[in-house]
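K.L.:
make a model of this:
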Amino acid sequence: MIEDIEQDKVNMVVTKDLSRLGRDYLGTGEYIEKWFPEKNIRYVSINDGIDTFSSSNANNDIAPFKSILNDMYSKDLSKKIRTALHTMQKQGKWVGAKAALGYMKDPNNKNHLVICEEEAEIVKTIFNMAYAGNTVGDIKHYLNDNHMPTANGRRYNKSSFWENKTVKQILRNEVYIGNTVQNKRSKINYKNSKLRVNPKEEWNIVKNTHEPIIDKKIFDAVQKMVIVQRYSRNEKKHEFLLDGLLFCYECKHRIGIKAKKRKNKAAYLYTICNNYRRNSKIGLCTSHSFGYDTLEKRILQYIENLFLQIDTNKIETNIKNSLTKYDYKKLLEKIECDINQINDNLDKMYLEKINNKISEEMYDRIYNKLTQQKKQKTEECETIRNKQKENMYDNEKEIRKIVHEFLRLEKLSPEIMRVIINRIELHQDRQIDIIFNFRRLNEISGKC
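P.N.:
Just a heads-up that it's a prediction; the model follows:
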């Protein structure tokens, strides 16, 4: 609908009631009060009697309050559903969208898991191999070599391969000894579907809720093995100039830097595509192997020659304009617009109260809600302004220093490289693409 409006194919939007347009009162208000009028769109809500092209329609003035009530209804409904789901989880009932590999939902009770025999054989194979001392990589290669389907491959006929992390997830999952483990992740709030990982203390774990696939003794023994332990990455012994900038052109995965030991000589550094390294036996990509020292020298020489052709003053200006990671101006404009909308709603609601169109109780409830939201938005606005001040690079001397250090190729660091370069893509035919953070450089750079 929005695309059609942008293309002038629509001049009127009609909904059954206001909640069908949206329950987020800020978003709904943005459309009705600003976006529709800017596009000269007439909006009509049939049950609510709202018509934005009728200036004498009193129902138009009460629309913001109905939007707030719709929003409160959504929030209340979300709380009730979440509480009900958590109650079911604590009772050991399965409420997930899909069951783990090896199980399926009971046809007679969707909140109970039963064993899927064909998938269970794959799970048993994974645990038996791990118990016998095989590494995660060995297990992965065995599954791929024998064309054993993944969950997505079996259930949705999607082309997919086994990866180390998938094998580890299965080996750690208590569901295979008959325990139900839920609430590992949750949505941020009812308006945002993004998931966050919950701490283990918040997980809902109920034992002996369904038939196990793996004997508990085998499961416990596997948990003590190194292959399933969770280790944080050690800090790098060496930080390379091109760290974090190298990518594979063909598969878009990162390219790592490895060292090969040599007798009585310094280690030989080379690059390798991480996707190839993990899945070399199934040929998902090629190695993209370059001698790292030669690669770094080639790239620096190319950039040095390129920079000699460019006015350094323009480079400094570009760097200054590009060092702020986020567009704080747009964020602030959006929040300030929300605050203005809240103020407008407060004014309208006060008038409705004076005219006895809403009760004292409703006024107090909505007023408190709006005031709290305004306070949160104001605090958010202040936080963003502080971040903006912290991230602004106003020191002209420092900017000039960065540019000239790069041009002289002295005291270079990965940080300076990341200021100048967005990414470097290596082709399997040994061509190199450098994508800079500044448009002008990309326009004249060509291929390395």
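K.L.:
ok but residue 104 is inside a helix, no?
P.N.:
No. Per DSSP: H, G, I helix; E, B strand; the rest coil, residue 104 lies outside any helix segment and is strand.
K.L.:
now it: closest residue in space, sequence neighbours ignored.
P.N.:
Of all residues not flanking residue 104 in the chain, residue 116 sits nearest, at 4.5 Å (Cβ to Cβ, 6 or more residues apart in numbering). Using the backbone N, CA and C atoms, a C-beta is placed for each residue, glycine as well.
K.L.:
residues touching the one you found, list them.
P.N.:
99, 102, 103, 104 (Cβ atoms under 8 Å, 6 or more residues apart in numbering).
K.L.:
these into TSV, with extra columns for distance to residue 75 and pLDDT?
P.N.:
Converted to TSV, the contacts of residue 116 look like this (distance: Cβ to Cβ, whole Å; pLDDT from 0 to 100):
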residue	distance to residue 75	pLDDT
99	30	90
102	38	93
103	34	94
104	34	93
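K.L.:
just the buried ones from those, in PyMOL syntax?
P.N.:
The following PyMOL line selects those of the contacts of residue 116 that are buried, judged by 16 or more other Cβ atoms under 10 Å:
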select buried, resi 99+102+103
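K.L.:
ok, the contacts of residue 116 vs residue 370, which is closest?
P.N.:
residue 99 (43.5 Å; Cβ to Cβ).
K.L.:
which residue ranges of the stretch 151-300 of the chain form strands?
P.N.:
Per DSSP state E, counting those that start in this stretch, the stretch 151-300 of the chain carries strands over the ranges 180-182, 185-189, 192-197, 204-206, 246-248, 255-262, 265-273.
K.L.:
the residue nearest to the spatial centre of the chain and residue 155, how far apart?
P.N.:
The chain has residue 194 as the residue nearest its centroid, 7.3 Å off, counting by Cα atoms, centre = their mean. Look at residue 194 and residue 155: by Cβ to Cβ, to the nearest Å, they are 25 Å apart.
K.L.:
same question, residue 84
P.N.:
Residue 84 is 27 Å from residue 155, by Cβ to Cβ.
K.L.:
what do you get for residue 140?
P.N.:
20 Å.
K.L.:
more neighbours: which of the two?
P.N.:
Comparing residue 140 with residue 155 by other Cβ atoms under 10 Å, the one with more neighbours is residue 140, at 24 against 15.
K.L.:
which residues touch the helix or strand containing that one?
P.N.:
Here residue 140, judged by DSSP states H and E, is contained in helix 136-145. Under the criterion Cβ under 8 Å, 6+ apart, residues 122, 125-126, 129-130, 134, 161-164, 166-168, 171, 227-228, 279, 281-282 lie in contact with helix 136-145.
K.L.:
which intervals of the chain have sub-threshold pLDDT?
P.N.:
Counting by pLDDT under 70, the ranges of the chain that qualify are 190, 192, 226-238, 307-330, 387-411, 415, 438-448.
K.L.:
buried ones in stretch 122-136?
P.N.:
For stretch 122-136, by 16+ other Cβ under 10 Å, it's 122, 123, 124, 126, 127, 129, 130, 131, 134, 136.
K.L.:
also stretch 422-440?
P.N.:
Buried, per 16+ other Cβ under 10 Å, within stretch 422-440: 423, 424, 425, 426, 428, 432, 433, 434, 436, 437, 438.
K.L.:
which of those fall in strands?
P.N.:
Among those, the members found in strands (DSSP state E) are 423, 424, 425, 426, 432, 433, 434, 436.
K.L.:
contact partners for the third one?
P.N.:
This means residue 425. By Cβ under 8 Å, 6+ apart, the residues touching residue 425 are 247, 248, 249, 432, 433, 435.
K.L.:
quickly note the distance from the residue nearest to the last one when sequence neighbours are not counted to residue 246.
P.N.:
In space, and not counting its chain neighbours, residue 435 is closest to residue 422: 4.6 Å by Cβ to Cβ, 6+ apart. Between residue 422 and residue 246 the distance, using Cβ to Cβ, works out to 12 Å.
K.L.:
same question for residue 253.
P.N.:
10 Å.
K.L.:
ok, and what's touching whichever strand or helix holds residue 124?
P.N.:
Taking DSSP H and E as the criterion, the element that holds residue 124 is helix 117-131. For helix 117-131, contacts defined as Cβ under 8 Å, 6+ apart pick out 101-104, 136, 138-139, 142-143, 148-149, 151, 154, 167, 170-171, 176, 213-214, 218-219, 221-222, 225, 227-228.
K.L.:
what is the burial count for residue 303?
P.N.:
Neighbours around residue 303, by other Cβ under 10 Å: 21.
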